[in-house]
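>>> here are the coordinates; sequence isn't available:
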C-alpha cells in the first residue's frame, strides 16, 4: 500500500472529477422541505458511491427524502466501524434564486458550497482515491457513511437513524464546514425549542372587559421567568424570540403564545431547563406577589423539547482529534481545538450516545446560510488528502 499513490490519485482527480462533481451537486437545489430536489441531490452522491463499490441502504422517510447509509464491502450489518457523517440538504429554496455554482480563482460560491456539499465531496473522493490506488486497503476497510436529508431543520427524522448507527460506531468524523485556523470542533452547544401557549378567556373589551382574562397580560408575567433561565456561567441561554396573541384591539385576547430558543452546554444544563419549564407550566405565576384572582383560571401548555443534546468533549474525542491532526498538519492544515460552537450538528447526536466524535472537517469558508457563502478549493484538496491518509493509516 502506498500513501503517495493514493494522494496522487486525489490530486489527479481533483480538477478532472471532484470540482466538476461538486459543481453538479451544488447546482442541484436541495432545500430541506423540497423533497424531490433533495432526492435528486442524494442520487448524485449515490451514483458515485455505488461506482466506488459501496453498498447503500435507504432509510425511508414520510416527510423528507430518503436518508442513505453507505457501507464498504468489508462492513457487515452488525460490525463495529468508523462513521463518516454528512447531509445533502440546504437552507436555500428555489424561489430565493441563489442557485448557481461560481468560481473565482481559489474561491467557490453557491448554495451549500460550505454547508456542506464540499464536505460531502471530501468523503466521496477520498474513498474513491483509496478504491482506485489501494484496492486491497479499500476491500478491508470497515466504514460507514451516513448522508441524511433533514439536518438543516434539526434532524428530526434522522435522529433515530443516528441513534441506531451509534451502537455500531467506534468513532465518528463529521464534515461540516471548516473553522478559522482549521481548528477541529469537539464541543457544541445543545439546542432546544419550546412553544408556550397561554389560554385566558376572551371577551368584548368594551361591554364585558371584567369577564375576560387577557392571555397577553398573563404571558407577559411569565416571560421574565423564561428569560431568567439564561445563565452565562453555566452556558445556558434562553431567548423569547417570537410572541403572538390577540385578534383585535377591542377583544380581550383568549390566547397568546411565544417561541423560545434555548442553548445548553451540558446534559445537566438541559435537564435543568426541562425541569424549569415543567415548573412554569405547573405554577406559572408563583413569582407574582399580587395576582388578579381570575388569573387562577389561566392554563399554560408547552410543546417542544431538546432537539440536539450538547456535544461535550471527552478523552475519546481528544484522542481522535490528535490522531487526525497528525495527518492534517502534514497537509498544511492548521491544528488545535475550536472554541465551543453555538450551533448544533449531527455530531451532537452521536456524541450524546457516547461516540468519540470530531467535527468541522470540511473545507474552510465563510457565510454559511447566506447568499455570500463560499469555500476554498485549496482547503478542499487538503481536506480530501488528509481524510484519505487518515483512513489508510488507521
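Looks like it came in fine. Nothing here was measured: the structure is a model prediction, and the numbers come from that model.
>>> Quick check: residue 209 touching residue 250?
No: in this structure residue 209 lies outside contact range of residue 250 using Cβ atoms under 8 Å: 9.8 Å. Heads up, the C-betas are built off the backbone N, CA and C, glycines and all.
>>> Contacts only, for the nearest residue to residue 319 once chain neighbours are set aside.
Leaving aside its chain neighbours, residue 319 sits nearest to residue 356 (6.9 Å; criterion: Cβ to Cβ, 6 or more residues apart in numbering). With contact taken as Cβ atoms under 8 Å, 6 or more residues apart in numbering, residue 356 is in contact with 170-172, 314, 316-317, 319-320.
>>> residues touching residue 338, list them.
Neighbouring residues of residue 338 by Cβ under 8 Å, 6+ apart: 179-180, 183-187, 360.
>>> For my notes, confirm residue 13 occurs in a helix.
Yes: according to DSSP: H, G, I helix; E, B strand; the rest coil, residue 13 belongs to a helix.
>>> Could you measure from residue 261 over to residue 195?
The gap separating residue 261 from residue 195 is 11 Å, by Cβ to Cβ, to the nearest Å.
>>> Can you tell me how far the residue nearest to residue 319 is from residue 323?
Residue 356 is 10 Å from residue 323, by Cβ to Cβ.
>>> before we move on, the earlier item: which of the contacts of residue 356 sits closest to residue 113?
residue 172 (23.3 Å; Cβ to Cβ).
>>> For that closest one, what are phi and psi?
Main-chain dihedrals, residue 172, degrees, to the nearest 10: phi -140, psi 140.
>>> can you pull the contacts of it?
The contact partners of residue 172, taken as Cβ under 8 Å, 6+ apart, are 82-85, 347, 350, 355-358.
>>> Equivalent analysis for residue 363, please.
Per Cβ under 8 Å, 6+ apart, neighbours of residue 363: 114, 118-119, 122, 177-178, 375-377, 379-380, 382-383.
>>> try 6 Å this time
118, 178, 375-376, 379-380, 383 (Cβ atoms under 6 Å, 6 or more residues apart in numbering).
>>> Next, format those residues as CSV and append secondary structure.
Below are those laid out as CSV (three-state DSSP):
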residue, secondary structure
118, helix
178, strand
375, strand
376, strand
379, helix
380, helix
383, helix
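>>> Helices of the stretch 201-350 of the chain, residue ranges please.
Applying DSSP state H, counting those that start in this stretch to the stretch 201-350 of the chain gives helices spanning 215-227, 267-282, 315-330, 346-352.
>>> quick one: low-confidence ranges for this protein?
Scanning the chain for pLDDT under 70 picks out 1.
>>> Can you report how many residues neighbour residue 182?
24 (other Cβ atoms under 10 Å).
>>> Nearest residue to it in space, please, no chain neighbours.
The spatially closest residue to residue 182, leaving aside those adjacent along the chain, is residue 334, at 3.6 Å (Cβ to Cβ, 6+ apart).
>>> For residue 328, see how far away the one you found is.
Residue 334 sits 8 Å away from residue 328, going by Cβ to Cβ.
>>> out of these two, which sits in the busier spot?
Set residue 334 next to residue 328 and count neighbours by other Cβ under 10 Å: residue 328 wins out with 23 against 15.
>>> Let me know the distance separating that one from residue 390.
Distance of residue 328 to residue 390, given as Cβ to Cβ: 8 Å.
>>> Having no further points to raise, I will conclude here.
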